[in-house]
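Visitor: Only the shape, not the letters, is given here:
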């Protein structure tokens, strides 16, 4: 079995081999098994990564998003079969790309409307604008055309973003394939529509305040900006240089900085509170936020065998996909020493989380780097974390 000294050595080796800095917290049934921080939050100043360091979450923001959605679902606020047009009327008459054997395509009405389940399972049929893929090229061109007025305007709300995207033809019939992308923007819009408030306010009231996640949010407050770790980019020569990301501008308060949904920032310790709640059946320090069976549904694979092929890659090996999360289906295929249906997600700058309800275990790891090299760091952290269990 591993021990805390082994994990210290592992994280220290990450920094020695060129990572600027990182943090990790492992908890089991409310007890901290490990917490450690290594390296610098800013190399130039020499400021160290610490418990107070704030990291950009990028797509790890999706775990709070889908957690809040499942909390609303179990309160009867919507059904997973509800059409998204119930919340966004302009989406009532969706269209899709139909490809023909000669390589041409036509645009035809979808056979059924997009529903909320399609959003939570990444099967709505729209990629991200910045995720180019040959098979979605006509869709990406349509997305760019529809987004041009908003880009020229320079700022826009999530609701405006959703409205213009209603004109884009889907890459396929809703529910037919797995495709990472705009599903999460629509899902965030559903939260706003159901709660009648901005998504960051819904997050704060439903999740962050009950869990005392005082350093987590979408827009800077207090001294958060000063505590943000520097985002670095590794050059081909191996040098770390400060990087610029549009995510940071979206964190600045004020409508002039709005560009749809601003992803979250958080600390390792803050995020661990939510991860522990999910690992412990919806409870954290005596507070029950959601039902155990709702979490079981959340981590149930929904993908068909063909869709699993679309989802699977080396990094996701052994996992399927549930409602907004990857979920472990095959320990051998994933070279995974944890439990079946352990679940979580990843952020593009290097953040990662996994919750294991069978063990009451949560693992939260963070760094901010471009490229994130997630396939190197995260499996090593995962193996060492599970090695702590008796």
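Guide: Received the coordinates, thanks. What you see is a predicted model; the values in this text were computed from it and never measured. Numbers count the residues shown, from 1 in each chain.

Visitor: all contacts plus neighbour counts: C-alpha atoms, from now on.
Guide: Noted.

Visitor: So what does the spatially closest residue to residue 264 that is not a sequence neighbour look like in phi/psi?
Guide: Leaving aside its chain neighbours, residue 264 sits nearest to residue 218 (4.5 Å; criterion: C-alpha to C-alpha, 6 or more residues apart in numbering). The phi and psi values for residue 218, taken as degrees, to the nearest 10, are phi -110, psi -30.

Visitor: Identify each buried residue in the helix ranked longest in the chain, please.
Guide: When the chain is parsed with DSSP state H, its longest helix is helix 137-153. Within helix 137-153, the residues that count as buried by 16 or more other C-alpha atoms under 10 Å are 138, 139, 140, 142, 143, 146, 147, 150.

Visitor: what's the offset of whichever helix or strand comes after that helix from the middle of its chain?
Guide: Sequence order places helix 158-165 as the next helix or strand after helix 137-153, per DSSP states H and E. Averaging C-alpha positions (C-alpha atoms, centre = their mean, to the nearest Å) puts helix 158-165 20 Å from its chain's average.

Visitor: Ok, stretch 269-284 next?
Guide: 16 Å.

Visitor: Identify the residues contacting stretch 85-101?
Guide: 84, 105-110, 113-114, 139, 163, 166-173, 190, 193 (C-alpha atoms under 8 Å, 6 or more residues apart in numbering).

Visitor: The residues you listed, buried ones only, as a PyMOL selection?
Guide: Applying 16+ other C-alpha under 10 Å to the contacts of stretch 85-101, the buried members can be selected in PyMOL as follows:
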select buried, resi 84+110+113+114+139+163+166+167+168+169+170+171+172+173+190+193
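
Visitor: before we move on, the earlier item: report how many residues lie close to the residue nearest to residue 264.
Guide: The local packing of residue 218 (other C-alpha atoms under 10 Å) involves 25 other residues.

Visitor: How is the closest residue to residue 383 other than its chain neighbours assigned, secondary-structure-wise?
Guide: Spatial nearest neighbour of residue 383, chain neighbours left out: residue 337 (6.3 Å); criterion: C-alpha to C-alpha, 6+ apart. Of the three states, residue 337 takes coil under DSSP: H, G, I helix; E, B strand; the rest coil.

Visitor: Tell me the spacing between residue 337 and residue 343.
Guide: 13 Å (C-alpha to C-alpha, to the nearest Å).

Visitor: more neighbours, these two?
Guide: residue 343 (29 against 14).

Visitor: confidence score at that one?
Guide: At residue 343, the model reports a pLDDT of 98.

Visitor: residues in contact with stretch 362-376?
Guide: By C-alpha under 8 Å, 6+ apart, the list of residues contacting stretch 362-376 reads 19, 21-28, 55-56, 229-234, 243, 268, 271-272, 275-276, 279, 314-315, 348-356, 378, 381-382, 385.

Visitor: gap between stretch 290-300 and the chain center?
Guide: With C-alpha atoms, centre = their mean as the basis, the mean position of stretch 290-300 lies at 18 Å from the chain mean.

Visitor: And it, what's buried?
Guide: Neighbour-count burial for stretch 290-300 [16+ other C-alpha under 10 Å]: 290, 292, 294, 295, 298, 299, 300.

Visitor: Run a quick neighbour tally on the nearest residue to residue 257 once chain neighbours are set aside.
Guide: Nearest non-adjacent residue to residue 257, counting by C-alpha to C-alpha, 6+ apart: residue 250, 5.4 Å away. Neighbour count for residue 250, taken as other C-alpha under 10 Å: 23.

Visitor: pretty sure residue 250 contacts residue 264?
Guide: No - counting by C-alpha atoms under 8 Å, residue 250 stays clear of residue 264, with 9.8 Å between them.

Visitor: what is in contact with these two at once?
Guide: residue 219.

Visitor: any idea how far residue 256 is from residue 250?
Guide: Residue 250 is 9 Å from residue 256, by C-alpha to C-alpha.

Visitor: same check, this time on residue 99
Guide: 40 Å.

Visitor: still on that earlier bit, could I get the buried residues of stretch 290-300 in a markdown table, plus columns for pLDDT?
Guide: As requested, the buried residues of stretch 290-300 are arranged in a markdown table below (pLDDT from 0 to 100):
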| residue | pLDDT |
| --- | --- |
| 290 | 98 |
| 292 | 97 |
| 294 | 98 |
| 295 | 98 |
| 298 | 98 |
| 299 | 98 |
| 300 | 98 |
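
Visitor: which secondary structure element contains residue 173?
Guide: Per DSSP H and E, there is no helix or strand for residue 173.

Visitor: and if you look at residue 67?
Guide: With DSSP H and E as the test, residue 67 turns up in helix 62-74.

Visitor: Give the buried residues for that helix.
Guide: Result for helix 62-74 [16+ other C-alpha under 10 Å]: buried residues 62, 63, 64, 65, 66, 67, 68, 69, 70, 71, 72.

Visitor: Leaving out chain neighbours, which residue sits closest to residue 111?
Guide: Using C-alpha to C-alpha, 6+ apart, the nearest residue to residue 111 is residue 173, at 7.0 Å.

Visitor: Am I right that residue 276 is in contact with residue 29?
Guide: Yes - counting by C-alpha under 8 Å, residue 276 touches residue 29, with 7.3 Å between them.
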